[in-house]
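Student: Pasting a predicted model and its sequence here:
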Amino acid sequence: MAIFLDTGNIAEVKRFLRMGVIRGVTTNPTILRKEGLAGGIKALKKLEMEIAAAIQPLPLSVEVTCNHREEMVSQAREFASWAENINVKIPIHGPEGEPENLEAVHQLETECNIRVNVTAMMSAQQGVLAALSGATYVSLFGGRINDLGHDASGEIADLRSLLDRLELPAKIIVGSTREVSNVIDWLSAGADIVTVTPALLDKMLVHPYSKETVRMFLADAQKSQ
C-alpha cells in the first residue's frame, strides 16, 4: 500500500492522485484545525465526503472527536455512513490511560462491520493489543517514538514479526513522519503504510541533483537544434 497522504486539503489530495503515488488519505482533528476547518460536524462531513469521493475506492481515515466508549461507537457509525471507503480512527486509550477504547474498537470491527484504524501508539506491544482486538489498521507514531530516544524502526520490525507469527491481518501504518528518510526506513522495517504530509511528499520527489541533471539535458537539447 506504501503511502497515505496526511492532509485535509482537497486540492493537495487531487494533486497527488493525478500523480498516482498515494494509496489512501488520513485526517485527524489537528490536521483539520491547521487547514482552518470550522463549523462542527456539518463542515467535517462535507469535507470528508468530498475527500472520500475523490479517492474512492482508496481508504480515508476519519478520527473520532470524543473519548467515551458509547459516544465513540455512535460517532464511528455516523462517520462510516458517509462513504464506503471511510474507516474510523480511534486512539489506543484515553487521555488518562482509560482502556475502554479497545472495547469500542472490538465492537465496531466485530459487531458493526466498521473498519478501525487504532492510532496514537508508541510501541509494538500496543500494536499487538490493537491487532488482537480486531483493528484493520494499527498506527505507530514513528517520529514521536524517535523523539523519546527509542528506535521506531525496531518497534516496527518487532510488530511486523509478531503480526506475521500470530497471523493477525492488521496493516501497520506509521505516522508522525519527520524526514524523507523515514519513509524508506519504515517501509523497509516492515510497515505496510507510511503517512506523509504534502510538503514531505514533495521533498521525496524533488532532488537537487535531478534538477541539475534535467537542466543540463534541456540546455544540451537547445544547443543541438
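Tutor: Good, I have the coordinates. Everything numeric in this text was worked out from a predicted model, so none of it was measured.
Student: Quick one: end-to-end length of stretch 164-181, please.
Tutor: End-to-end distance of stretch 164-181 (C-alpha to C-alpha, to the nearest Å): 25 Å.
Student: For that stretch, buried residues please.
Tutor: When neighbours are counted by 16 or more other C-beta atoms under 10 Å, the buried residues of stretch 164-181 are found to be 168, 170-177, 180. (Glycine included, C-beta is placed from N, CA and C.)
Student: same thing with stretch 55-70?
Tutor: Neighbour counts using 16+ other C-beta under 10 Å place 55, 58-64, 67, 69 of stretch 55-70 among the buried residues.
Student: As JSON lines, those with distance to Lys223 would be great.
Tutor: Written out in JSON lines, the entries for these read as follows (distance: C-beta to C-beta, whole Å):
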{"residue": "Ile55", "distance to Lys223": "44"}
{"residue": "Leu58", "distance to Lys223": "44"}
{"residue": "Pro59", "distance to Lys223": "49"}
{"residue": "Leu60", "distance to Lys223": "49"}
{"residue": "Ser61", "distance to Lys223": "50"}
{"residue": "Val62", "distance to Lys223": "54"}
{"residue": "Glu63", "distance to Lys223": "55"}
{"residue": "Val64", "distance to Lys223": "60"}
{"residue": "Asn67", "distance to Lys223": "65"}
{"residue": "Arg69", "distance to Lys223": "70"}
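Student: min pLDDT across those, which one?
Tutor: When the buried residues of stretch 55-70 are compared on pLDDT, Asn67 comes out lowest, with 91.
Student: Any buried residues in the worst-scoring helix or strand of the chain on mean pLDDT, and which?
Tutor: Taking all helices and strands of the chain together, the one with the lowest average confidence (mean pLDDT, DSSP states H and E) is helix 29-34, at a mean of 90. Using 16+ other C-beta under 10 Å as the test for burial, helix 29-34 gives 31-32.
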